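Asker: Got a sequence here, can you model it:
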Amino acid sequence: MGQPKALLPWRGGTILSNAIRVLNAFTDMVIVVAGRNVEQLRPVVDANAAFLVVNPQPDRGQFSSLQVGAQAVLNRGRDSAIITLVDRPPAHPQTVNHLKKEFLDRVSQNLWAAVPEYEGRHGHPYVVGRELIGAYLDAPDSSNAREIHHAHLDHIVYVPVNDPYVIVNLDTPEDYAQFCAAHPETTLA
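Answerer: Numbering: from 1, shown residues only. Model prediction:
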């Protein structure tokens, strides 16, 4: 991308600042996992009242950051989390609220996660409980979240949502430019 995806301009701020804002409305804390970009992300994290944790081995890949974040959730005395990626625009607040409600309404039914589904594709953010957090932490370093989810499908609910942002992945400057052109509301303050 040529710059940290989390710092791409988005609705008068950045993707990261907007994601923190949305998540702050539905959680009691937001934890951001950084790698080599820690010093670039720190001002945004601090300005938005979130916590910053550092993945000491970012070269191990995305799953290692998930494990670092999952451990930080448990270390702060929490047993559930809303997980998202920084290369995706923040989901609409009503989507996050709906996912959280679906998770909380079914947690007594041995539900480990509520994952959004848009047009047959699974996305982010998703809500996880202690059981799935434990599965992430117990998994080998070579794992990925998809493998862990597929191993526990009987404990995951896929929640249909009407929010295309849950499946958008911005990997290149062209992806970002095309998405912004197709969604001019993203540039609004």
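
Asker: what residue lies at the spatial centre of this protein?
Answerer: With distances taken as C-alpha atoms, centre = their mean, residue 84 lies nearest the centre of the chain, 0.5 Å away.

Asker: Report the beta-bridge partners for residue 53.
Answerer: Going by DSSP bridges, residue 53 is paired in beta bridges with residue 33.

Asker: That one: neighbouring residues, count only.
Answerer: Using other C-beta atoms under 10 Å, the number of residues around residue 53 comes to 19. For glycine as for every other residue, the C-beta is placed from the backbone atoms N, C-alpha and C.

Asker: ok, it - contacts?
Answerer: Going by C-beta atoms under 8 Å, 6 or more residues apart in numbering, residue 53 touches 31, 32, 33, 34, 68, 69, 72.

Asker: between the residues you listed, which is closest to residue 121?
Answerer: residue 69 (22.8 Å; C-beta to C-beta).

Asker: Not including adjacent chain positions, what is the nearest residue to the residue nearest to the centre of the chain?
Answerer: Closest residue to residue 84 apart from its sequence neighbours, by C-beta to C-beta, 6 or more residues apart in numbering: residue 125 at 3.7 Å.

Asker: which residues sit in contact with the one you found?
Answerer: Going by C-beta under 8 Å, 6+ apart, the list of residues near residue 125 reads 23, 82, 83, 84, 91, 96, 99, 116, 166.

Asker: Then residue 42?
Answerer: Counted by C-beta under 8 Å, 6+ apart, residue 42 has contacts 34, 52.

Asker: what about it, distance to residue 154?
Answerer: 40 Å (C-beta to C-beta, to the nearest Å).

Asker: What's the separation between the residue nearest to residue 84 and residue 78?
Answerer: 15 Å.

Asker: which stretches of the protein have low pLDDT?
Answerer: Along the chain, the parts satisfying pLDDT under 70 run over 1, 185-189.

Asker: in it, which spans are helices?
Answerer: 15-24, 38-47, 62-75, 93-106, 130-138, 145-151, 173-182 (DSSP state H).

Asker: Out of the ones you listed, which is closest to residue 4?
Answerer: Per C-beta to C-beta, nearest to residue 4 of the helices of the chain: helix 38-47, 5.5 Å.

Asker: quick check: angle from that closest one to helix 15-24?
Answerer: If you take axes from the mean of the first three to the mean of the last three C-alpha atoms, to 10 degrees, helix 38-47 sits at 40 degrees to helix 15-24.
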